[in-house]
Structures are given as C-alpha cells and as structure tokens.
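> here is a sequence with its predicted model. Questions after.
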Amino acid sequence: MKNVKTKILLLIFIALVISCSTQKGLIKREKIEFGTVKYYVQNDLKNDNYVETELNSDKSNKRIVIKVADSVYYSFYSDGISKLTKMDKNSVYRLFYGEIPKELDAQIAYKKLSELDSLVLSKSNKILDSLKWNNFKRWNGATAFNIEVIYYHGLTKNGKFEPY
C-alpha cells in the first residue's frame, strides 16, 4: 500500500514539474475597467507557433506579453512594441514615436494611443524595471501606433487568438 501511495505522489509531482516548466510565466494580474490584465514573461521563443517579424528578429529569445480581457495583446521586444487585437486579426499595430506627419502617406496609417493603451503601457515600465530588462524598448515618447496589415488566408476553424 505504501508503494502505491509513493507512486501516486511521484506521478503528481512529475506532472506538476512538467506543467510549471512552460515557456510563459504569469508575473502579474490585475483588474481594470477594461477587464483583467495579465502580464507574462516568455522565454525561449524559438518554437513552431512563434512568427518571426522585424521587431523580434534579434537574438533575444524573450519578450513580455500583456493580455487584456482575452481580446488585446501587447508584445514587448528589445527593439519595439506591438499590439494585436481580436477585432482586427489581420492588423498589427507597431508603436510609433514622434509626431504623426501632417501630410499622411496613403500607404501608412496611424492610430492614436487610446486610454487602454496609455494605461497598459505606463505600467509596463515598472515591469521592465522589476525584471531589470534595460535593453527593452520603452513606450515613453510614443504618440500612436503604425498600422501594418497582414494578409493571410484566415485562422483555422479552431485556431486560437494569440500574440505575434
């Protein structure tokens, strides 16, 4: 009987260790007027589901992901910040610094920072400071998002909405 209990406890312990060794770790959770905000740290980004873009093409295999009410994702990389929304699955918003040009180019679209953007981005600096990730891009000085349209043939039927 003791041997069976030991095996069961060992099996539970192994399952716990395996489940805790994922590459994404929750570091903070809070409720705001827009919903629940979850802050994650992701390490070892070289997996099958990870899409390499110009923002994350550097050799840093880590990022911060901020998830707002399962509908908005903010991703922080060492050389940029991007946003993805459930409503606009085919658009990626890249943080733009400086003033929006008066004469807008027809090929480039901008979207000013919303109240949610300002709230989430302002709290991100504290997270970066607590992790001592000084080489990551900060949002200070940003005025808008540059909208980049991504063309694809759609998500699979059971596809998950996840950060880029």
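Yep, that arrived. Numbers count the residues shown, from 1 in each chain.
> low-confidence regions, this protein specifically.
Applying pLDDT under 70 to the chain picks out residues 1-2, 11, 13-24, 44-60, 104-107, 151-164.
> residue ranges of the strands in it, please?
In the chain, the strands defined using DSSP state E lie at 24-32, 35-43, 62-68, 72-77, 80-85, 91-97, 109-112, 142-149.
> go ahead and confirm residue 92 touches residue 85.
No: when contacts are counted by CB atoms under 8 Å, residue 92 is not listed as touching residue 85 (9.5 Å). Bear in mind the C-beta positions are built from the backbone N, C-alpha and C, glycine included.
> so which of those two has more stuff around it?
Each of residue 92 and residue 85 has its neighbours counted (other CB atoms under 10 Å); residue 92 has more, 21 against 14.
> next, count neighbours for the residue nearest to that one when sequence neighbours are not counted.
Using CB to CB, 6 or more residues apart in numbering and skipping the chain neighbours, the partner closest in space to residue 92 is residue 148 (4.8 Å). If you count neighbours by other CB under 10 Å, residue 148 ends up with 15.
> number of residues surrounding the residue nearest to residue 71 when sequence neighbours are not counted?
Leaving aside its chain neighbours, residue 71 sits nearest to residue 86 (4.2 Å; criterion: CB to CB, 6+ apart). The number of residues packed near residue 86 is 11, by other CB under 10 Å.
> cool, residue 136 as well?
For residue 136, the count of nearby residues is 20 (other CB under 10 Å).
> what touches both of residue 92 and residue 85?
Residues touching both residue 92 and residue 85 (CB atoms under 8 Å, 6 or more residues apart in numbering): none.
> which strand residues bridge residue 147?
Per DSSP bridges, the residues bridged to residue 147 are residue 93, residue 109.
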